[in-house]
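> I need the structure of the sequence given here:
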Amino acid sequence: MTEYPVSNEPSSVADEPQPYRSPFLALPGAVEGVGIDAGVAWHYGQVTADQRELAAGRSIVDASHLGVIRLTGADRLTWLDSLTSQRLTTLEPGQSAETLLLDIQGHIEHGAAVLDDGTATWLITERESAPVFAAWLNRMRFLLDVQVAEVTDQFAVVATLGQLDLGAAAPNGTPLVWNDPWATPPAHGWSYSQFPVIPADGAVDAHPGADFPVKLHVLERASLQELVDRALAGELPVAGMHAFEALRIAALRPRLGAEVDSRAIPHEFDWLRSAVHLEKGCYRGQETVAKVHFLGRPPRRIVLLDLDGSLGELPVAGSTLSVEGDAKAQTVGRISSVAIHHEDGPIALALVKRSLAEDASLVVELADGQQVSASATTIVSPTAGRAADVPRLPRLERRGQ
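Below you'll find the model as predicted:
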C-alpha cells in the first residue's frame, strides 16, 4: 500500500484558509488521504485487517471531510423536489433518499444524501461541492419559505456499515442517520445492471450493493474528539477511507467526487437505481433523463475492473484504458476510482465507451509507461436504455399514400 505524504509546509499567506485536518489523524499509524479524501485518514497501517472489520460492521470511518448543508422552512421539501431528480415531497422524518442536481442538458452538477428530521432537511455531499451547491440553492429560493445554510463547520459525518450503534446529533428530536438506498433501492428506480432493482418474492438481491449497507451519522463536530479518545482507549475500532473506498468499488457504487465529470449523466453510472425517480414531475434535466432512458442509450458506461497487481504498482484515478494489442493504443476509457480489496485484490471503477466490447481485454497505462492488464465486469450494459417499446415507423416515401 502506497503511503501518501502529509505536507507540513506553512502557508505563505497569513490569511489563507488552512486545509481541513481531522482529529482522527492523531491516531497511531494514520496516513492522510489525498485529493477528495485529503484531511482524513486513508488508512491506519493495518489495511487488510481494518477493511475486514469494516465489512463486518465492527468499525467506523472518519468521513468528517464531507460537506453538510441544512435547509429549513415550510417549503423546503417541495422546493428541493422541484429542483432535483428524486421525489422528496413524501420524505418522512428519519427517512433517507439520494438526489442529483442536473443542468439543462441532464449533466450531473451536484449530488447529495438527503435526510429530513421534520424541521430541517440535511444534505451530505463532497466538501468542495458544498459551498457551491449551497450558494446555487440560495439563489433559487425566490419568495419561498426556505433558508439555506452550509453547516460543515458545525456538523461532521462518520460512516458505519451494518448495525453499529454510534448515535447521531438530533437537534430537532430525530437522530441524523442516513441509510444509503444503494443497498436497498426504492421501487421507483431502474437498474441497468444484470441484478434486479427489486428481487422476486423469496429471492435475495444478488447486487453487490446489498453488501454495502452504509450509514452516515451526522454528529456535532465538537464531538469528534470524544470518538478519537474512545479509539485511543481501544473501545472503538476505526478504518480509513481506503477500506471504505475498496468496499464501495466492490459494491459498484458511484461517488460524486470520483466518478463524475462535466459530461456525466446518471444513466452511465446506474444511478437511476437510487437517485432518480422516473415517475415524478418536471425538474431541470428531466428531458435528457427521459429521452436517454426510454428512447436512447447512454454514450458511456461504468465497469468494474480487476487489475493485475503483479507489478506492485497500481494506476491512479485518471489513468487511461486501451484494448490489449491495439497498435494505436486508442483510449477507450478512464479509471475513476481504485483500491485494494481485502478479498478481490486490486479493483477499480472505470468509465468506458458504450461501444467497447464487453469481453475486451484491456490494459491500463501507468505513469512510468508500463501497462497493467485489466478485465472488465459489466455494470451498465451496452444495451442500456430504450426502455420504451416504440415501433419503428416505415418511411413515407410516397406522399398521399
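> going forward, measure contacts between C-alpha atoms and count neighbours the same way
Will do.
> tell me, how many residues neighbour the closest residue in space to residue 297 that isn't next to it in sequence?
Leaving out its chain neighbours, the residue that sits closest to residue 297 by CA to CA, 6 or more residues apart in numbering is residue 385, at 4.7 Å. Residue 385: 19 surrounding residues under other CA atoms under 10 Å.
> tell me the secondary structure at residue 385.
Here residue 385 is coil, with the state taken from DSSP: H, G, I helix; E, B strand; the rest coil.
> now do it against residue 250, distance only.
24 Å (CA to CA, to the nearest Å).
> and the pLDDT at the most centrally placed residue in the chain?
With distances taken as CA atoms, centre = their mean, the residue of the chain nearest its centroid is residue 255 (2.1 Å). What the model reports for residue 255 is a pLDDT of 98.
> isn't residue 371 up against residue 362?
No: when contacts are counted by CA atoms under 8 Å, residue 371 is not listed as touching residue 362 (9.7 Å).
> overlap of the contact sets of the two?
Residues touching both residue 371 and residue 362 by CA atoms under 8 Å, 6 or more residues apart in numbering: none at all.
> show me what contacts the residue nearest to the centre of the chain?
Taking CA under 8 Å, 6+ apart as the contact definition, residue 255 lies against nothing.
> could you rerun that using 10 Å?
When contacts are counted by CA atoms under 10 Å, 6 or more residues apart in numbering, residue 255 is found next to 111, 125, 126, 245, 248, 249, 269, 271, 336, 337.
> the first one reaches residue 132, doesn't it?
No: with contacts defined as CA atoms under 10 Å, residue 111 does not count as touching residue 132, sitting 11.8 Å away.
> these two: who's more crowded?
Taking other CA under 10 Å, residue 111 and residue 132 do not tie; residue 111 has more neighbours (25 against 13).
> bridging residues for the more buried one?
residue 100 (DSSP bridges).
> and if you look at residue 43?
Residue 43 has these beta-bridge partners by DSSP bridges: residue 31.
> can you give me the helices for the stretch 151-300 of the chain?
224-232, 241-250, 256-259, 286-294 (DSSP state H, counting those that start in this stretch).
> and the ones you listed, which is most packed in?
Mean neighbour count (mean count of other CA atoms under 10 Å) peaks for helix 241-250 among these, with a mean of 24.
> just give the nearest non-adjacent residue to residue 287, would you?
residue 106 (7.4 Å).
> doesn't residue 295 make contact with the residue nearest to residue 297?
Yes: using CA under 10 Å, residue 385 is in contact with residue 295, at 6.7 Å.
> still on that earlier bit, which among the helices of the stretch 151-300 of the chain is found nearest to residue 71?
Evaluated with CA to CA, those place helix 256-259 nearest to residue 71, the distance being 20.5 Å.
> other SSEs contacting the closest one?
Judged by 3 or more CA pairs under 10 Å, 6 or more residues apart in numbering; DSSP states H and E, helix 256-259 is in contact with strand 108-116, strand 333-341, strand 345-353.
> which other residues reach it?
Outside helix 256-259, the residues within contact range by CA under 10 Å, 6+ apart are 35-37, 100, 108-112, 125-129, 253, 268-269, 302, 317-318, 334-338, 349-351.
> now render the contacts of residue 255 as JSON lines, adding pLDDT and distance to residue 379.
Formatted as JSON lines, the contacts of residue 255 follow (pLDDT from 0 to 100; distance: CA to CA, whole Å):
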{"residue": "111", "pLDDT": "98", "distance to residue 379": "20"}
{"residue": "125", "pLDDT": "98", "distance to residue 379": "24"}
{"residue": "126", "pLDDT": "98", "distance to residue 379": "24"}
{"residue": "245", "pLDDT": "98", "distance to residue 379": "17"}
{"residue": "248", "pLDDT": "98", "distance to residue 379": "14"}
{"residue": "249", "pLDDT": "98", "distance to residue 379": "11"}
{"residue": "269", "pLDDT": "98", "distance to residue 379": "8"}
{"residue": "271", "pLDDT": "97", "distance to residue 379": "11"}
{"residue": "336", "pLDDT": "98", "distance to residue 379": "14"}
{"residue": "337", "pLDDT": "98", "distance to residue 379": "15"}
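> pick out whichever of those sits closest to residue 71.
residue 125 (13.7 Å).
> state the distance from the closest one to residue 21.
Residue 125 is 18 Å from residue 21, by CA to CA.
> re earlier: show me the one of the helices of the stretch 151-300 of the chain that comes nearest residue 157.
Among the helices of the stretch 151-300 of the chain, helix 224-232 comes nearest to residue 157, with 9.2 Å by CA to CA.
> partners of the closest residue to residue 320 other than its chain neighbours in the sheet?
Excluding the flanking residues, the one nearest residue 320 by CA to CA, 6+ apart is residue 334, at 4.5 Å. Beta bridges link residue 334 to residue 320, residue 351, judged by DSSP bridges.
> list the residues that contact the nearest residue to residue 342 once chain neighbours are set aside.
Spatial nearest neighbour of residue 342, excluding adjacent residues (CA to CA, 6+ apart): residue 48 at 5.4 Å. Neighbouring residues of residue 48 by CA under 10 Å, 6+ apart: 1, 239, 242, 243, 340, 341, 342, 343.
> pretty sure residue 48 sits in a helix.
Yes: according to three-state DSSP, residue 48 belongs to a helix.
> over to residue 69. Which of the three states is it?
Classification of residue 69 using three-state DSSP returns strand.
> ok, back up a step: so how far is residue 243 from the residue nearest to residue 342?
The gap separating residue 48 from residue 243 is 8 Å, by CA to CA.
> between those two, what contacts are shared?
Common contacts of residue 48 and residue 243 (CA under 10 Å, 6+ apart): 340, 341, 342.
> ok, of those, which one's closest to residue 96?
Residue 96 has its nearest neighbour among the shared contacts of residue 48 and residue 243 in residue 341, at 27.6 Å by CA to CA.
> if we ignore the residues flanking it in sequence, what's nearest the closest one?
The shortest distance from residue 341 to any non-neighbouring residue, by CA to CA, 6+ apart, is to residue 246 (5.2 Å).
> ditto for residue 355
residue 382 (6.8 Å).
> would you mind giving both backbone torsions of that neighbour?
Dihedral pair for residue 382: phi -60, psi -20, per degrees, to the nearest 10.
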